[in-house]
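Novice: A predicted structure for the sequence below; I have some questions about it.
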Amino acid sequence: MDKHTMAKPFPNVKKVLKKLRKEKYKIAGVSNRSRLSLIESLKHQKMYEYFDVIVTAEDVENPKPHKDHPLKALEILNIDRKSAIIVGDTDKDILAGKAAGIKTVGVTYGWIGKEIKKAKPDFVIDRIEELLEIIR
């Protein structure tokens, strides 16, 4: 079993992505990982279909925490930064969102846990379902 098939989605992420998709939200996956690595992982988790665009290290000049990733996703999706939200489980995600002028949501269940608060996201959530309350 390789590292892509070992990765498991956080609880209820797939359910929330499905709901956002049904409600016509545009969804981007932005990662410092390689395109192949990210896509293989998302396909294995049966979540690839929920993303309108994937932006990876190969697509930008500067990796997160630089603003290139989120800005590239917004450009492709034709979305204004004022109507966008970046959800992340690392300080680099939050810093990239802030640098791009996007509202940020830090999740405490991810890579750095409650330490995400140190990056000062606009919102902090313990469960992905809380995102649905923030966007409404």
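Specialist: Nice, I can see it.
Novice: and residue 32, how far from residue 66?
Specialist: The gap separating residue 32 from residue 66 is 10 Å, by C-beta to C-beta, to the nearest Å. For every residue, glycine as well, the C-beta is placed using N, CA and C.
Novice: phi and psi next, for the residue nearest to residue 42 when sequence neighbours are not counted.
Specialist: Among residues not flanking residue 42 along the chain, residue 48 sits closest, at 4.0 Å (C-beta to C-beta, 6 or more residues apart in numbering). Residue 48 adopts backbone torsions of phi -60, psi -40, taken as degrees, to the nearest 10.
Novice: residue 48 - how many residues pack around it?
Specialist: 15 (other C-beta atoms under 10 Å).
Novice: what does the one 4 residues further on give?
Specialist: Other residues within reach of residue 52, judged by other C-beta under 10 Å, total 14.
Novice: which non-adjacent residue is nearest it?
Specialist: Leaving aside its sequence neighbours, residue 52 sits nearest to residue 26 (C-beta to C-beta, 6+ apart; 4.9 Å).
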